[in-house]
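[1] My questions concern the predicted model and sequence given below.
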Amino acid sequence: MNKARILLFALVALALLVAGCTAPAPAQPAAEQPAESEAAAAPEGYNCQAYAGTEVRFLANKHPWTTAIEEYIPQFEEETGIKVNLEILPEDQFRQKVLVELTTGAGTVDVFMSMPPQEGLKYHSAGWYEPLNDYLTNASITSPDYEPDDFLPGVMGAETIEGDVIGIPIMMENEVLYYRKDIFEEKGLTPPANMEELEQTAAELTDKENDFYGFVARGKGAAAVTQFSTFLYNFGGEWLDENRKPIINSPEAVEAFEFYGKMLRDYGPPGSTNNHWYEASGILAQGKAAMYTDANSLFSVVEDPESSKVVGKIGYAMMPEGPAGNHPYVSVWGISMASSSQNKEATWCLMQWLTSKDMVKNAQMKGIPGGRRSVWADPDGASAFPADWVETFVASNEIAYPYDRPPVVAVSEIRDVIGKVIVTAIEGGDVQAAADQAAQEMADIMARTE
Amino acid sequence: MSESIAKQTSPHVQPPPGRRPPFLVRHAKWVFIGPAVIVMILIMIYPLGYTLWMGFHEWFASSVVPPKFVGLDNYVRIFTDDARFWDAFWRTVYFTVLAISIQTVLGVGIALIFNRNFLGKGLVRTLFLFPMVATPVAIALVWMMMYNPVLGVLRYFLDIVGLPPVEWVSNRLLVIPALVIVDTWQWTPLITLMTLAGLSALPVEPYEAAVIDGASGWQILRYVTLPLLRPVIVVAVLFRSIDAIKTFDIIYVMTQGGPAFASETLNIYIFQTGFNYFHLGYASSLLIVLFIIVMSVSVLLIRFRRVDW
């Protein structure tokens, strides 16, 4: 790369920086003049090799993204001389370990994977996230071609709490409708556009005698809560009102619970109440269901020739609209810096490298949907995804709802409480009574934990 | 014991007159039991004491608020305002009683059969012990697949016989019996094994006397074998009960306490409270209650072993 190009990049980065800057006012009036002197300094300023020999500890969840990027880590170590200690754990143990280590505040973790809708509020109020706003705008440690504005605003929004950027998105997912293209074509059907059509289509395709079901989705209590969320929003329900009072027993919410329960009870496979995504996606992959609502990231499971009998037969459509419109959730996994880290600059070097355009593209070519506009525009970047998948992904993110679970501190506990209502709905029990009780329990838990 | 050791050792290392014996020799009895005491304190007494101490605190580990001393509040809540605890308690009783009754009857019965001579006895006995050796998590995963109402192998057999699919672990009423089946499959061999050991140690004389008195096979079993075996069976039941009350692995792997808490036993509830909800103080007080329950059951069973029928 020659000097002139570096200078150009630096100027562009600086211009973006100034444009998006919410930082101290004094910098702005003088922006024109110092731009040149700073830009000249930038190539020297941005230098991750300065931290060679530093060790960065990265706690990661055993997640497709981790698998995809793991092999590139040595490349980073070679480029910068920074040593990365990557620890990968299964999700439950991972969450526990991160929590325990952050609680001690001993600075043992530098960077960790984090899911803002799950733990964002909790970790942010505990002060465990290092706010990244200043890092993103600091040309001396952020590479000029990093371009933070390349991230889709909705995705970055999910990583922002009270103005603090708490992480950089690495993967995002929305809820979509998976359907059997071949069967729909054969019967002359189109993917259902709204909830009534969803039910009609499911009824038409269900053939219990032959063990074929019109609809499958998660039903296992807490695990089903996130995939139920889009139904809740589309029927006009919400978890909390503006005063943070639980309203999952509102008429709209109860209607959503009843609809979801009925779909699984009447048109779903037996045993739905113990179906997590492994079981539910397995039923679709074994060719025993016509439609399936879940996170679009699971397409890799149903398109895997090793385990799926329906490879190439699956179509992807937007979630069906409800009486209150269409609000598919967006859920984001990101990487965050621990505020107790002792090596913040080296950690930031690793974080920006992992979320650089090249790395996002590398991961995306392995089927991990990232949040960078430029990578989706690149035909290579979209190559790992079916065309209708990309279409629904982009369209869903235009209208996406920023969370897929109640925005509370004690998320796990409250998911269990709401999960009980979903199970009751699937069993055909008294949903209103269950929802009333759950709303009361939610209020009690929130009073104890917030 | 340690006193006598101290007395015995000192003459051999008699120090020259006027000098005190070495430190280790003077305190030999402490030196000898020391390692055991230290290990006990580290791995049993300290954690227990710490749990007890945490049980008097409100400690929500997801916030920066430090633990707050609340005295007996946690215990008051357990006994007056925690329906989920009592549901879990009765579920634990249900699971334990069901599992242990079936396993005892089956286990003792199978031991009596294995105690006879038949072709291939050695092989069958060895094969029968396999489930006990296997990893519970692996077993739970396999049973989970077999129970799957759409794709599982049990569904396949039900189809052959012409029965409708059964929901097994997805049904609130069937989930505990379904888990008991798994537990029984795995742990009946333990009762068999202990009973077999007891059988091989029985005296011959009572049997000779019974035969001379003209007792039938059933009478011998009822009035000679079972009473003689009772201490062994009680120990086996004691071991299994303590284990069953605390069953965690198969339930956690197969249902995580679901559907809708229908298989949430005390141990699962405590785990969720502590490691999923992060209420460490409350979970500690629950643990103390569980500890007392397990202790009481053990004491009762040991008493029972001594009483006459």
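    That came through, no problem.
[2] does the strand or helix carrying A:Val301 come close to chain B?
    Assessed by DSSP states H and E, A:Val301 sits inside helix A:299-302. No - with Cβ under 8 Å from any Cβ of the partner chain as the criterion, chain B is not reached by helix A:299-302; the gap is at least 14.5 Å. Where C-beta positions appear, they are placed from N, C-alpha and C, glycine not excepted.
[3] So which elements touch that helix?
    Counting contacts by 3 or more Cβ pairs under 8 Å, 6 or more residues apart in numbering or on different chains; DSSP states H and E, helix A:299-302 packs against helix A:277-285, strand A:314-317.
[4] if we look at that helix, which residues are touching it?
    Helix A:299-302 is contacted by residues A:64, A:178, A:281, A:284-285, A:292, A:307-308, A:310-311, A:314, A:316, A:367, A:385-386, A:389 when judged by Cβ atoms under 8 Å, 6 or more residues apart in numbering or on different chains.
[5] switch the cut-off to 7 Å
    Residues outside helix A:299-302 that contact it (Cβ atoms under 7 Å, 6 or more residues apart in numbering or on different chains): A:64, A:178, A:281, A:284-285, A:308, A:310, A:314, A:367, A:389.
[6] again, but for stretch B:43-53
    Contacts of stretch B:43-53 (Cβ under 7 Å, 6+ apart): B:284, B:287-288.
[7] And for the closest residue to B:Gln186 other than its chain neighbours, the neighbour number?
    Nearest residue to B:Gln186 in three dimensions, chain neighbours excluded: B:Pro131, at 4.8 Å (Cβ to Cβ, 6 or more residues apart in numbering or on different chains). Using other Cβ atoms under 10 Å in any protein chain shown, B:Pro131 is surrounded by 17 other residues.
[8] now swap in B:Glu58 and tell me
    Around B:Glu58 there are 19 other residues, counting by other Cβ under 10 Å.
[9] so how many other residues sit close to residue 132?
    I'll assume chain A. Neighbours of A:Leu132 using other Cβ under 10 Å come to 23.
[10] nope, chain B
    Neighbours of B:Met132 using other Cβ under 10 Å come to 14.
[11] can I see the domain layout of chain B?
    What the record gives for chain B is the domain set B:1-46, B:83-306, from automatic domain parsing.
[12] Now tabulate those in TSV and tack on distance to A:Val56 and mean pLDDT.
    Converted to TSV, the domains of chain B look like this (distance: least, Cβ to Cβ, whole Å; pLDDT from 0 to 100):
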stretch	distance to A:Val56	mean pLDDT
domain B:1-46	34	74
domain B:83-306	27	91
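[13] so which of the ones you listed comes closest to A:Tyr403?
    Among the domains of chain B, domain B:83-306 comes nearest to A:Tyr403, with 19.5 Å by Cβ to Cβ.
[14] now the end-to-end length of the closest one.
    Using Cα to Cα, to the nearest Å, the span of domain B:83-306 from its first residue to its last is 36 Å.
[15] returning to that earlier point: would you turn the helices and strands packed on helix A:299-302 into a markdown table with mean neighbour count and distance to chain B?
    As requested, those are exported to a markdown table (neighbours: other Cβ atoms under 10 Å in any protein chain shown; distance: least, Cβ to the nearest Cβ, whole Å):
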| stretch | mean neighbour count | distance to chain B |
| --- | --- | --- |
| helix A:277-285 | 23 | 6 |
| strand A:314-317 | 21 | 18 |
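[16] hey, least reliable of these by pLDDT?
    Lowest mean pLDDT within the helices and strands packed on helix A:299-302: helix A:277-285, at a mean of 92.
[17] does chain B sit close to the next helix or strand after that helix?
    Note on helix A:277-285: by DSSP H and E, the next helix or strand toward the C-terminus is strand A:289-295. No - using Cβ under 7 Å from any Cβ of the partner chain, strand A:289-295 stays clear of chain B, with a minimum separation of 9.0 Å.
[18] Contact partners for B:Gln272?
    Contacts of B:Gln272 (Cβ under 7 Å, 6+ apart): B:Gly257.
[19] Likewise for A:Gly120?
    A:161, A:166.
[20] Three-state assignment for it, please.
    Classification of A:Gly120 using DSSP: H, G, I helix; E, B strand; the rest coil returns helix.
[21] From chain B, how far out is it?
    Look at A:Gly120 and chain B: by Cβ to the nearest Cβ, to the nearest Å, they are 12 Å apart.
[22] what's the burial count for A:Thr108?
    If you count neighbours by other Cβ under 10 Å, A:Thr108 ends up with 15.
[23] Quick one: residues contacting it.
    A:57, A:101.
[24] Correct me if wrong, but it is in a helix.
    No - counting by three-state DSSP, A:Thr108 is not part of a helix but coil.
[25] Flag every residue of chain B that's near chain A.
    B:60-64, B:148-151, B:165, B:167, B:169-170, B:255, B:258-261, B:275-277.
[26] Swap in 6 Å and give it another go.
    For chain B, the contact set with chain A under Cβ under 6 Å from any Cβ of the partner chain comprises B:60-62, B:64, B:149-151, B:165, B:167, B:169-170, B:258-260, B:275-277.
[27] still on that earlier bit, in the helix holding A:Val301, which residues are buried?
    Residues of helix A:299-302 classed as buried: A:299-302 (neighbour count, 16 or more other Cβ atoms under 10 Å in any protein chain shown).
[28] Repeat that for stretch A:66-81.
    By neighbour count on 16+ other Cβ under 10 Å, the buried set for stretch A:66-81 is A:66, A:68-69, A:73, A:76, A:80.
[29] for stretch A:372-391, same thing?
    Buried residues in stretch A:372-391 (16+ other Cβ under 10 Å): A:372-373, A:375-376, A:381-382, A:384-385, A:389-390.
[30] Close to chain B: what parts of the stretch 201-350 of chain A are there?
    Within the stretch 201-350 of chain A, the positions adjacent to chain B are A:220-221, A:269-271, A:273-274, A:283, A:286, A:288 by Cβ under 6 Å from any Cβ.
[31] Name the member of the residues you listed that has the highest neighbour count.
    Using other Cβ under 10 Å as the neighbour test, these are led by A:Thr273, with 31 neighbours.
[32] all strands of the stretch 301-450 of chain A, in order?
    Remark: strands assigned in the stretch 301-450 of chain A by DSSP state E, counting those that start in this stretch are A:314-317, A:330-337.
[33] can you pull the pLDDT of the closest residue to A:Ala52 other than its chain neighbours?
    Nearest residue to A:Ala52, sequence neighbours excluded (Cβ to Cβ, 6+ apart): A:Gly81, at 2.7 Å. Confidence at A:Gly81, expressed as pLDDT, is 92.
[34] One more: A:Pro402?
    pLDDT at A:Pro402 comes out at 81.
[35] Now the phi/psi pair for it, please.
    phi -70, psi -10 (degrees, to the nearest 10).
[36] Isn't it up against A:Ala158?
    Yes - at 5.3 Å, A:Pro402 counts as touching A:Ala158 under the criterion of Cβ atoms under 6 Å.
[37] tell me, what residue is most central in chain B?
    For chain B, the residue nearest the mean C-alpha position is B:Asp243 (1.3 Å; Cα atoms, centre = their mean).
[38] in which helix or strand would I find that residue?
    helix B:226-245.
[39] Beyond that helix, next helix or strand please.
    Per DSSP H and E, the helix or strand that comes after helix B:226-245 is helix B:249-254.
[40] neighbouring contacts of that next one?
    The contact list for helix B:249-254 (Cβ atoms under 6 Å, 6 or more residues apart in numbering or on different chains) reads B:136-137, B:140, B:144, B:169, B:179, B:182, B:263, B:268.
[41] and if we set it to 8 Å?
    Helix B:249-254 has contacts (Cβ under 8 Å, 6+ apart) with B:136-137, B:139-141, B:143-144, B:147, B:169, B:179, B:182-183, B:186, B:257, B:263, B:265, B:267-268, B:271.
[42] if we can go back for a sec, can I get the helices and strands packed on helix A:299-302 in TSV including distance to B:Asp87?
    Formatted as TSV, the helices and strands packed on helix A:299-302 follow (distance: least, Cβ to Cβ, whole Å):
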stretch	distance to B:Asp87
helix A:277-285	25
strand A:314-317	41
